[in-house]
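[1] Below are the sequence and a predicted model for it; my questions follow.
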Amino acid sequence: MRSNHLKTTENMKHFLQCAAFFVLAGTTLVFINGCKSNQKVKMEKELSAFIQNYESKAIPLTKEANIAYWNASISGKDEDYKKSEKLNIQLTAIYSNKDEFAKLKKIKESNAVTDPVLKRQLDVLYNSFLSNQADTAKLNQMIKMQTEIEKKYSNFRAEVKGKKLNDNDIETILKKSVKSDECREAWLAHKNIGTLVSSDIINLVKLRNEIAKELGFNNYHGSMNWLHCKRCQRLFVTFFEKIAINEYVNKPICRICEENFSNEHTSDGGALLSSQLIMPTFLKDLSNVQLKLIWQNAGIELSEASKIIFMGYSFPMADFELRQLLARNVRHNAKIEVVLRSQDKSNNDKDNSSAEYRFKSFFGKREINMFYNGVEDYIKNLNN
Ligand SMILES: [Zn+2]
């Protein structure tokens with residue numbers, strides 16, 4: 001009651017200050033601007049104080065948690081994983097704090113922060129806190145389950161012909177061996193981790209989705225970095241920022257359609273953006289019109305190119321969709337240039353696990369030039 005009363009008095013004071021200013025200045029415009037800039041100073045000051053307090057807690061704890069995770073994944077020991085789990089629970093407690101989130105929410109909803117760096121910090125903090133506003137018991141349970149799965153992964157050893165092999169051994173076989181049977185056996189043995197962790201992963205997915213739904217999202221992986229306009233089909237993409245979450249937070253609108261169609265039936269041009277997901281698996285759903293267009297345009301460009309330059313790409317066998325695109329569209333007389341780093345060069349000309357071998361065997365009789373001094377050097381020489 002006391003704090004409400006104080007708040008009301010404060011608001012009244014603020015109103016009177018602005019009103020006085022209004023009377024003196026005599027124009028509505030100045031009245032509004034005066035209040036706005038007061039609000040900006042106030043909110044930016046509050047946010048700066050929030051960030052300072054947050055950093056003093058989050059920075060040391062994040063560092064400690066990362067080191068503990070590193071140690072656990074190196075040793076595989078139960079006690080190291082326990083420590084990593086404990087620190088992650090402590091770290092989550094920072095982000096799940098309801099009072100702190102309320103402060104951020106108030107600042108965000110005021111729309112008064114305009115300094116670009118502060119605004120960016122506000123968005124990142126807001127999203128980090130938002131994803132942790134679920135039931136604490138569930139969040140902690142999620143961390144425990146994740147840690148358990150991590151532990152199983154790092155302690156798993158594939159067994160081939162009675163010998164236990166680590167991930168590096170398996171990768172060496174898959175890279176170097178020319179015997180299909182040997183590769184197949186190593187590959188399948190490595191996949192046995194699936195039976196060990198499958199039920200844990202299914203339970204984790206269920207819990208993550210439950211938490212996401214509690215927060216108002218469709219599912220846990222609904223938060224990535226693409227937004228799609230269903231009206232003009234444009235795709236909005238950001239790096240390092242999961243803007244797809246905005247579909248649920250601030251309901252973004254396609255700025256182009258908003259401008260072009262705002263005089264039609266709806267003020268937003270009927271162009272709310274929705275998230276667009278491509279799952280990180282081999283079985284990608286490329287049925288979306290945008291993705292089809294990107295793929296098709298790439299094909300057209302390739303078919304018209306007399307020279308194709310690959311930079312920093314080692315042409316892995318697993319990229320079968322790209323291989324198929326190139327096979328269909330690259331001209332027989334197209335010249336190929338490949339730019340890689342010195343460490344990508346194989347000492348053995350006949351090394352069939354090298355990138356050079358993969359390029360040469362794929363492009364057959366076309367002229368291929370390999371460059372092993374890195375992209376920077378290659379571009380410098382282009383200018384000369
Ligand atoms: Zn649009």
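    Nice, I can see it.
[2] The ion contacts on this structure?
    By C-beta under 5 Å from the ion, the residues of the chain that approach the ion are C229, R231, C232, C254, C257, A271. Quick note: C-beta positions are derived from backbone N, CA and C, even for glycine.
[3] I'd like to know which of these are buried.
    Buried members of those, counted by 16 or more other C-beta atoms under 10 Å: C229, R231, C254, C257, A271.
[4] my read: the fourth one touches A271, true?
    Yes - at 3.4 Å, C257 counts as touching A271 under the criterion of C-beta atoms under 8 Å.
[5] Which neighbours do these two have in common?
    C229, R231, C232 (C-beta atoms under 8 Å, 6 or more residues apart in numbering).
[6] Other residues contacting stretch 292-310?
    Residues from elsewhere that reach stretch 292-310, judged by C-beta under 8 Å, 6+ apart: 233, 286, 325-326, 328-331, 333-339, 359.
[7] And the average pLDDT for the longest helix out of those in the chain is what?
    Identified as the longest helix of the chain according to DSSP state H is helix 28-75. For helix 28-75, mean pLDDT is 85.
[8] so how far is that helix from its chain's centroid?
    21 Å (C-alpha atoms, centre = their mean, to the nearest Å).
[9] repeat for stretch 111-119
    Chain-centre distance of stretch 111-119: 23 Å, with C-alpha atoms, centre = their mean.
[10] Now it: buried residues?
    Residues of stretch 111-119 classed as buried by neighbour count (16+ other C-beta under 10 Å): A112, V113, L118.
[11] same thing with stretch 88-95?
    Neighbour-count burial for stretch 88-95 [16+ other C-beta under 10 Å]: N88, I89, L91, T92, I94, Y95.
[12] From the shared contacts of C257 and A271, which land in strands?
    Cross-referencing those against strands under DSSP state E gives C229.
[13] Compile the shared contacts of C257 and A271 into a markdown table and extend it with columns for pLDDT.
    Converted to a markdown table, the shared contacts of C257 and A271 look like this (pLDDT from 0 to 100):
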| residue | pLDDT |
| --- | --- |
| C229 | 84 |
| R231 | 81 |
| C232 | 84 |
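[14] Closest one of the shared contacts of C257 and A271 to D80?
    Distances from D80 to these, taken as C-beta to C-beta, are shortest for C229 (47.2 Å).
[15] wait, doesn't the closest one sit right on Q276?
    No - with contact defined as C-beta under 8 Å, C229 does not reach Q276; the gap is 9.8 Å.
[16] Now the common contact residues for these two.
    L235.
[17] Count residues in the vicinity of the closest residue to V237 other than its chain neighbours, would you?
    Nearest non-adjacent residue to V237, counting by C-beta to C-beta, 6 or more residues apart in numbering: W226, 5.4 Å away. For W226, the count of nearby residues is 19 (other C-beta atoms under 10 Å).
[18] close enough to count as contact, W226 and L235?
    Yes - with contact defined as C-beta under 8 Å, W226 counts as touching L235 (6.1 Å).
[19] And the buried ones among the residues of the chain next to the ion, which is closest to Y81?
    C229 (44.2 Å).
[20] domain parsing for the chain?
    Using automatic domain parsing, the domains assigned to the chain come out as 36-133, 223-277, 289-383.
[21] Tell me who's in contact with the closest residue to E367 other than its chain neighbours.
    Distances taken as C-beta to C-beta, 6+ apart put K335 closest to E367, at 4.9 Å, once the chain neighbours are dropped. If you count contacts by C-beta under 8 Å, 6+ apart, K335 has them with S306, K307, I308, R366, E367, I368, N369.
[22] Narrow those to those that are buried.
    I308, R366, I368.
[23] quick one: which of those is nearest to the ion?
    The shortest approach to the ion among the buried ones among the contacts of K335 belongs to I308, at 32.4 Å (C-beta to the ion).
[24] Quick check: neighbours of the particular helix or strand that has the closest one in it in the sheet, parallel or antiparallel?
    Per DSSP states H and E: I308 is located in strand 307-311. Applying DSSP bridges to the sheet, strand 307-311 is found paired with strand 335-339 (parallel).
[25] Buried residues, the strand it pairs with. List them.
    By neighbour count on 16+ other C-beta under 10 Å, the buried set for strand 335-339 is I336, E337, V338, V339.
[26] Show me where the stretch 251-384 of the chain has its helices.
    Secondary structure of the stretch 251-384 of the chain, counting by DSSP state H, counting those that start in this stretch: helices at 255-261, 289-304, 320-329, 355-363, 374-383.
[27] hmm, back to that, ok, then the element right after the longest helix of the chain?
    By DSSP H and E, the next helix or strand past helix 28-75 is helix 78-96.
[28] who does that next one touch, helix- and strand-wise?
    helix 28-75, helix 116-130, helix 136-155 (3 or more C-beta pairs under 8 Å, 6 or more residues apart in numbering; DSSP states H and E).
[29] Minimum distance to K163: which of those helices has it?
    It's helix 136-155; of these, that one is closest to K163 (C-beta to C-beta) at 16.5 Å.
[30] partners of whatever helix or strand comes next after the closest one in the sheet?
    On the C-terminal side of helix 136-155, the closest following helix or strand by DSSP H and E is strand 158-160. Strand 158-160 sits in its sheet next to strand 163-165 (antiparallel), going by DSSP bridges.
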